[in-house]
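> Mind looking at a prediction? Sequence and model below.
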Amino acid sequence: MTLRLRLGFLIFILVIAGCGSDSGDETPTEPPVTGKLTTILSNQLTVELLAQDGEAQLAGTNSGLYWRSDYTAAWELRSPTTTAVKGVAIVASGYYVVAFEREDISDDSAPFPLYQSQDAGETWTEIEHDFGGEFHSAIRNLAYDSGTDQIYAVGNTSLAVADTTATHWTLLHGEWDGFASGLRLLYVDSPRQQVWFGGQGAIENGYLARYDQTTGNVREWHELLPAPATFIGGLVHPLTPSTVLFSGEGGVVLSTDSGEQWQTPMGDVNHKFYWDVVLAENGTLYSAQYDKLSAEQPLIIECSTDNGETWVENDLSDETSRGGVKSLMLVPGASETMLYIGLWDNGIKAIALSDISC
């Protein structure tokens, strides 16, 4: 055999051996980023709430209120102050009542900052009001009731109501100077003349309540989730109104009989937060996780096709390193509905519903 043939044969053997070798010790390549997320609002903003006024969109952030005319427009900072937005009541098209955090959160010498705009935030008027009485307690959320043309607000332990001027507030439940970690959940169910509210009690217990507008009675539920717990978001199902879901620290609670009995389809979540629950037109529910320990966390979106009985987890960690979700909103797009995701220190992202596995 010639030298040239011998060399060719040796190379052939080496190639065959290499093709059959065990590559288990090699470092695997990172999976490619799928690109499912779209950036809607950049900057390192924390987006506490999302709302729609017709086609216009509002984003309540830790640095003021942002607004844009529709989903294709640029965002504008339309805010009388750059402190955090605590609550937004949309009374009519372009007519907003908004509560903002104090410049100095320890200074309660004056009523909590409350502003009104009737031109979609281009100009603002500060409201002289009496929420909190002599204690000037904080406003932690706002909601408009189209059925009665009134605005509701919650404080540390208080539920109060005012007309749309938001100047004079009537205390409905709790105390102006009540001691607790504070209420945040506020959901007006106009068709059934009820107001759901809740948050965290004085001993870090989850607190959920329902106010009956016709009788003035309040029904309360305690310890539906293991402490520490709080209630933040949720909804009454529009098609089956006896079904209600409320979310917060510790998971999601569900009742199919208007609160007579409760179950916890997501109640063992190691005290993760679920700040919001939204419902798509096809009946699918969406929620998402938030961990208060660090802005650096995975993005986990969960969905349910059986009215909240069971949930499917979607791990989108490859999409962003700051995935703590504080607000959700469903927005019809040009071709399909998008889920807007308000994040901790990461602005707003969006994902098409078709990219979420349920």
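Sure, I can see it.
> use CA for all of it now, contacts and neighbours both
Noted.
> Counting neighbours, what do you get for the residue nearest to residue 223 when sequence neighbours are not counted?
By the measure of Cα to Cα, 6 or more residues apart in numbering, the closest residue to residue 223 outside its immediate chain neighbours is residue 206, 5.5 Å from it. Using other Cα atoms under 10 Å, residue 206 has 26 neighbouring residues.
> what's the spacing between the residue nearest to residue 274 when sequence neighbours are not counted and residue 188?
Closest residue in space to residue 274, ignoring its immediate chain neighbours: residue 248 at 4.7 Å, by Cα to Cα, 6+ apart. Distance of residue 248 to residue 188, given as Cα to Cα, to the nearest Å: 17 Å.
> Which of those two has more residues huddled nearby?
Higher neighbour count among residue 248 and residue 188: residue 248, with 29 against 23, using other Cα under 10 Å.
> who touches the more buried one in this structure?
Residue 248 sits next to 229-233, 273-276 when contact means Cα atoms under 8 Å, 6 or more residues apart in numbering.
> Let me know the next secondary structure element after the lowest-mean-pLDDT helix or strand in the chain.
Within the chain, no helix or strand scores below helix 3-20, which has a mean of 39 by mean pLDDT, DSSP states H and E. Sequence-wise, the next helix or strand downstream of helix 3-20 (DSSP states H and E) is strand 38-41.
> residues of that following strand that come out buried?
40-41 (16 or more other Cα atoms under 10 Å).
> Next: stretch 209-224.
209-211, 224.
> what about that stretch, start to end distance?
11 Å.
> How about stretch 247-265?
11 Å.
> Could you give the backbone dihedrals for residue 246?
phi -130, psi 140 (degrees, to the nearest 10).
> what sits against the residue nearest to it when sequence neighbours are not counted?
Distances taken as Cα to Cα, 6+ apart put residue 234 closest to residue 246, at 4.0 Å, once the chain neighbours are dropped. Applying Cα under 8 Å, 6+ apart to residue 234 gives the contacts 185, 187, 244-247, 276-278.
> Would you mind putting those into TSV with secondary structure, distance to residue 317 and neighbour count alongside?
What follows is the contacts of residue 234, written out as TSV (DSSP: H, G, I helix; E, B strand; the rest coil; distance: Cα to Cα, whole Å; neighbours: other Cα atoms under 10 Å):
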residue	secondary structure	distance to residue 317	neighbour count
185	strand	28	29
187	strand	31	24
244	strand	30	22
245	strand	26	25
246	strand	25	26
247	strand	22	27
276	coil	19	26
277	strand	20	24
278	strand	21	21
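> Run the chain-centre distance for stretch 192-207.
Chain-centre distance of stretch 192-207: 16 Å, with Cα atoms, centre = their mean, to the nearest Å.
> Let me know the average pLDDT across that stretch.
Throughout stretch 192-207, pLDDT has a mean value of 95.
> before we move on, what about stretch 260-274?
Mean predicted confidence for stretch 260-274 is 91.
> quick revisit: give me phi/psi at the residue nearest to residue 246?
According to degrees, to the nearest 10, residue 234 has phi 140, psi -170.
> now it: how far from residue 63?
25 Å.
> Residue 277: what's it in contact with?
Contacts of residue 277 by Cα under 8 Å, 6+ apart are 233-235, 245-247, 285-288, 328.
> What segments of the stretch 1-150 of the chain are strands?
For the stretch 1-150 of the chain, the strands defined by DSSP state E, counting those that start in this stretch occupy 38-41, 47-53, 56-61, 64-68, 76-77, 85-92, 95-100, 114-117, 125-126, 141-145, 150-154.
> For stretch 53-63, output the C-alpha coordinates as CSV.
Presented in CSV, the C-alpha positions along stretch 53-63 are these (Å, rounded to 0.1, in the frame of the first residue of the first chain):
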residue,chain,number,x,y,z
ASP,A,53,-59.8,54.7,27.8
GLY,A,54,-61.3,53.6,24.5
GLU,A,55,-58.3,53.2,22.2
ALA,A,56,-56.1,55.3,24.5
GLN,A,57,-53.8,53.5,26.9
LEU,A,58,-52.7,54.6,30.4
ALA,A,59,-49.7,53.3,32.4
GLY,A,60,-49.4,54.1,36.0
THR,A,61,-45.7,53.9,36.9
ASN,A,62,-43.4,54.6,39.8
SER,A,63,-42.5,57.8,38.0
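> what sits up against it?
By Cα under 8 Å, 6+ apart, stretch 53-63 touches 45-52, 65-71, 81-88, 90, 92-94.
> just stretch 141-149 next, same as before
By Cα under 8 Å, 6+ apart, the list of residues contacting stretch 141-149 reads 86-91, 98-99, 150-155, 163-164, 183-188, 190-191, 193.
> residues contacting the nearest residue to residue 99 once chain neighbours are set aside?
Leaving aside its chain neighbours, residue 99 sits nearest to residue 114 (4.6 Å; criterion: Cα to Cα, 6+ apart). The neighbourhood of residue 114, defined by Cα under 8 Å, 6+ apart, consists of 97-100, 126-129.
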